[in-house]
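Peer 1: Provided below are the primary sequence and the corresponding predicted coordinates.
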Amino acid sequence: MSNSLSPLSRTLWIGTLVVLLAMGVRATFGLFMQPMGLAQGWGRDVFSMAFALQNLVWGVSCIFMGMLADRFGSGRTVALGALLYAAGMIGTRLATDEFSLYMTAGVLVGLGQAGTTFPVILPIVARSVPPEFRSTAMGIASAGGSMGQFLVVPTGQLLITGLDWTGALWAMSLFVAAGMPLAYFLRGKPATHAGGQSMLSAIQQALRHPSFHFLAASYFVCGFHTAFITLHLPAYVIDSGLTGGHGAIAIALIGLFNVVGSYYSGKLGGRHSKKMLLAGVYGLRAFGMMLLLILPLSPWVLYAFAAWMGLFWLGTVPLTQGLIGQIYGLRYAATLSGIAFLGHQVGSFIGVWLGGYVYATTGNYDMMWWIGIALAIIAALLCLPVREQSLEPRPMPQAAA
C-alpha cells in the first residue's frame, strides 16, 4: 500500500495548511499594536482603523476572489492572494505614516486574506471529498485556522521579543508567501453540467432567498466577536493588570481549543441540523462573555474564558459554509461564500473600529463586551428560521434516442 497522499487527502491537508498560515499570521496583529504604536506614535484608534479596513477589504474582495476561483481556477486565486498578503506584510513593516499603514496592513493584507482563507479554500476542500465526508472535511480545514492561531501567535510573540516588531513582520511575510508554491496543489475549478445555472442566476437566487440573508446577518456577529477579541483582548488584559504574555497565551488557547471545536462542529454538522448547531454556538459564546464580565479577572479566569470561546470560535465557519453548499450547491460556492462572508467582515470592521472608539471615549471595553453578548443572542435567533432544503437545480435529463 502506497504511503503517498491520495489526491483527495492531499487537497484537504494542503488547503488546511494554507488556512493555518493565513489565519495564524492574521491573529498576530493584536501583538503588534503596542510596540508599533510606541515606535510610530500611533494610538490604538489608528491601529484599530487599519485592522478594521483590512477586515472590510477582505470581505469585499472575497466576492471577487470567489468569482476568480469559480471562473479561472482556485490555484491561481490562492497564489495571487498569497502574493498580495506577503506584499502587505512587507509594506506594513515599511509604513511610516497612517496612510501607508492603511494601504498596506489594511488594503493589501485584506486583499491577500481574501484569496487564502475560508471562502476560497473551503469550497476547494468540499469538492475534493465524497459528500458524506464533506462537512467533516470543512471542519478539519477550519480547524487549520485555529491551529495557526495556536502555533503562530506564540511564535509571533517570540519573534517580537527576539527580533523586535520590525524583524517579526519580515518573518510573517515569509510565512504567508509559502502559500504561493502550495497553490499549485490546489489548482482546478468547479465542473459544469448541462442545464446548470449561470453565476448571475445563482447569485440572484441566493439574494432572493431569506435564508441567505439570515446566514449573512449571523456571520456579521461572528466577525464582530472574533475581530474585536483578536485585536483588543491583549490590550484589555494589560489594562486589567495582567501582562502581554497572558494575552498572547489567551489568544493561543482560543486557537488550540477551536481545533477541537471546529472539527466537531463540522463532524456534527454532517449528522445533525446545521442551523440548530449554529444557533447553539452563538448562544454559548454569549454565556462565555458574560462570565468574563462577572468574574474578577485573573490568569486562570482569562484562560478559562479563552478555552470556552475557543470551542465556539470558528465553529461557525464549517456550519455556515456547509449550509451555503447544502442549500445552493457547490458550483458557485466560492462566489456565494464570498458574498455571505462580506457580512462577516462588515461585522469585523465595526467590531474592531468600535472597540477602539469605545476605549478612546470611555477608557475601558465594558460596553463592547455587553454589545457582543446582545449580538450573540440575536445571531442565535437569526439561525432558527433558516431553511436547510437544497435549491440546487438538477441537470436536465437527456432526451431518449
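Peer 2: Thanks, I have the structure now.
Peer 1: alpha carbons only for contacts and neighbour counts from here, please
Peer 2: Fine.
Peer 1: pLDDT of the host helix or strand of T155, averaged?
Peer 2: Secondary structure assignment for T155, by DSSP states H and E: helix 134-177. Across helix 134-177, the average pLDDT comes to 88.
Peer 1: Determine the next helix or strand in the C-terminal direction from it.
Peer 2: Moving toward the C-terminus from helix 134-177, the next element (DSSP H and E) is helix 179-182.
Peer 1: Now the helix or strand following that following helix: buried residues?
Peer 2: Beyond helix 179-182 on the C-terminal side, the first helix or strand identified by DSSP H and E is helix 199-208. Within helix 199-208, the residues that qualify as buried are 199, 202-203, 206, counting by 16 or more other C-alpha atoms under 10 Å.
Peer 1: again, but for stretch 37-47
Peer 2: For stretch 37-47, burial by neighbour count (16+ other C-alpha under 10 Å) applies to 42, 44-47.
Peer 1: Pull up the distance across it, start to finish.
Peer 2: Its first and final residues considered, stretch 37-47 spans 8 Å by C-alpha to C-alpha, to the nearest Å.
Peer 1: that older thread, quick one: which of the buried residues of helix 199-208 is nearest W165?
Peer 2: Closest approach between the buried residues of helix 199-208 and W165, by C-alpha to C-alpha: I203, at 42.6 Å.
Peer 1: Who are the contact partners of the closest residue to that closest one other than its chain neighbours?
Peer 2: Of all residues not flanking I203 in the chain, L336 sits nearest, at 6.7 Å (C-alpha to C-alpha, 6 or more residues apart in numbering). L336 makes contacts with 63, 66, 203, 206, 324, as judged by C-alpha atoms under 8 Å, 6 or more residues apart in numbering.
Peer 1: for the buried residues of stretch 37-47, which one is nearest G355?
Peer 2: D45 (8.6 Å).
Peer 1: what angle separates the one helix or strand the closest one maps to from helix 199-208?
Peer 2: D45 is part of helix 44-72, with elements assigned from DSSP H and E. Going by axes from the mean of the first three to the mean of the last three C-alpha atoms, to 10 degrees, helix 44-72 is angled at 130 degrees with respect to helix 199-208.
Peer 1: Following the chain past helix 44-72, name the next helix or strand.
Peer 2: Note on helix 44-72: by DSSP H and E, the next helix or strand toward the C-terminus is helix 74-94.
Peer 1: Remind me what that next one packs against, helices and strands.
Peer 2: helix 44-72, helix 98-101, helix 109-116, helix 118-128, helix 134-177, helix 179-182 (3 or more C-alpha pairs under 8 Å, 6 or more residues apart in numbering; DSSP states H and E).
Peer 1: Please repeat the previous calculation with a cut-off of 7 Å.
Peer 2: In terms of contacts (3 or more C-alpha pairs under 7 Å, 6 or more residues apart in numbering; DSSP states H and E), helix 74-94 is packed against helix 44-72, helix 109-116, helix 134-177, helix 179-182.
Peer 1: Other residues contacting the second one?
Peer 2: For helix 109-116, the external contacting residues (C-alpha atoms under 7 Å, 6 or more residues apart in numbering) are 18-19, 22, 54-55, 57-58, 61-62, 65, 77-78, 80-85, 88-89.
Peer 1: And the last one, by the same measure?
Peer 2: Contacts of helix 179-182 from elsewhere in the structure, counted by C-alpha under 7 Å, 6+ apart, are 14, 18, 79, 82-83.
Peer 1: Would you mind writing the CA trace of it as PDB?
Peer 2: Extracted in PDB, the C-alpha atoms of helix 179-182 (Å, rounded to 0.1, in the frame of the first residue of the first chain):
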ATOM      1  CA  GLY A 179       1.000  29.900   0.000                       C
ATOM      2  CA  MET A 180       2.300  30.600  -3.500                       C
ATOM      3  CA  PRO A 181       4.100  27.300  -4.200                       C
ATOM      4  CA  LEU A 182       1.300  25.400  -2.200                       C
END
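Peer 1: pLDDT score for P395?
Peer 2: According to the prediction, P395 has pLDDT 51.
Peer 1: The host helix or strand of I350 versus helix 118-128: what angle between them?
Peer 2: Counting by DSSP H and E, the element that carries I350 is helix 333-362. Using the same axes, to 10 degrees, one finds that helix 333-362 and helix 118-128 are set 150 degrees apart in direction.
Peer 1: Please compute how far helix 333-362 lies from its chain's middle.
Peer 2: 11 Å (C-alpha atoms, centre = their mean, to the nearest Å).
Peer 1: now swap in stretch 77-84 and tell me
Peer 2: Averaged over its C-alpha atoms, stretch 77-84 has a centre that lies 16 Å from its chain's centre (C-alpha atoms, centre = their mean).
Peer 1: which residues are contacting it?
Peer 2: Residues outside stretch 77-84 that contact it (C-alpha under 7 Å, 6+ apart): 65, 68-69, 108-109, 111-116, 176-177, 179-180, 183.
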